[in-house]
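A.B. asks: model this:
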Amino acid sequence: MFNRFFGSKSGSAAPATPPPTAAQTQAGDTATVRRIVATLEAMPPERARLIASAAYTLARAANADLDISDEETAAIEAELQDHKALDEPTAVLVTEMAKLQAKTVGGTEDYVVTREFKALADKAQRLVVMRACFAVTAANGTISAEETAVLSQIAGELDIEDPELNVIRADFHERFSAVQEIRRVTGPA
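C.D. replies: Numbers count the residues shown, from 1 in each chain. Coordinates of the predicted model:
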């Protein structure tokens with residue numbers, strides 16, 4: 001397996017990212033997604049692109065407060081393994097790659113990759129990833145104000161309607177830092 005990613009059996013180094021094919025250079029494609037897709041090459045290309053863009057979107061949510069905690073990392077890995085989408089080693093690798101990209105690239109890439117996920121996913125998949133974004137940000141016990149803002153941006157980019165988003169928010173109500181602060185100040189209800 002290591003030879004596949006770090007060099008051929010003869011010992012020569014393989015390029016970090018294979019040159020993009022015509023299918024990979026479609027509109028909306030990004031270097032971030034191509035890097036992650038390269039690790040998933042055994043999958044059908046559209047499935048790999050869907051998973052890669054979903055992984056980056058989860059890492060984007062986790063990095064909203066400029067820190068991806070160990071709990072958030074574990075949550076991303078678990079979400080990628082859910083429904084047998086990836087096995088554990090692949091989920092760990094994809095998570096690490098997505099985290100690195102989210103921490104180092106960010107900005108416009110956040111928007112582009114999330115929109116690419118939207119283009120590849122159906123409505124049900126977009127809702128699953130939106131819920132997973134909430135679960136990832138809540139993994140350390142609190143969804144911060146910064147994370148809440150990014151979750152709202154992601155929901156907008158994925159065309160998640162307010163009623164659908166409110167159902168997800170309600171499930172994580174007690175994890176919002178503002179709610180926790182009110183509970184702390186006012187005491188138990």
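A.B. asks: so where do the helices sit in the chain?
C.D. replies: Along the chain, counting by DSSP state H, helices occupy 2-6, 31-39, 45-62, 70-81, 88-104, 108-120, 123-138, 145-157, 162-171, 177-186.
A.B. asks: How much space separates the residue lying closest to A91 once chain neighbours are set aside from D159?
C.D. replies: In space, and not counting its chain neighbours, A91 is closest to L80: 4.0 Å by C-beta to C-beta, 6 or more residues apart in numbering. C-beta: built from backbone N, CA, C; applies to glycine. Note on L80: its distance to D159, by C-beta to C-beta, to the nearest Å, is 23 Å.
A.B. asks: Comparing these two, which residue is more hemmed in?
C.D. replies: Using other C-beta atoms under 10 Å, the more surrounded residue of L80 and D159 is L80, with 24 against 11.
A.B. asks: looking at the protein, which helix or strand is least sure?
C.D. replies: In the chain, the helix or strand scored least confidently by mean pLDDT, DSSP states H and E is helix 2-6, which has a mean of 27.
A.B. asks: residues near N63, how many?
C.D. replies: 23.
A.B. asks: Would you confirm that it contacts L100?
C.D. replies: No. At 10.3 Å, N63 does not count as touching L100 under the criterion of C-beta atoms under 8 Å.
A.B. asks: Return the distance of A54 relative to I160.
C.D. replies: 14 Å.
A.B. asks: Which one's more surrounded, those two?
C.D. replies: A54 (28 against 22).
A.B. asks: Please name the residues that touch the more buried one.
C.D. replies: With contact taken as C-beta atoms under 8 Å, 6 or more residues apart in numbering, A54 is in contact with L80, F117, A121, Q125, V129, A132.
A.B. asks: May I see these organised as CSV, with distance to L58 added?
C.D. replies: Below are those laid out as CSV (distance: C-beta to C-beta, whole Å):
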residue, distance to L58
L80, 8
F117, 10
A121, 13
Q125, 13
V129, 7
A132, 6
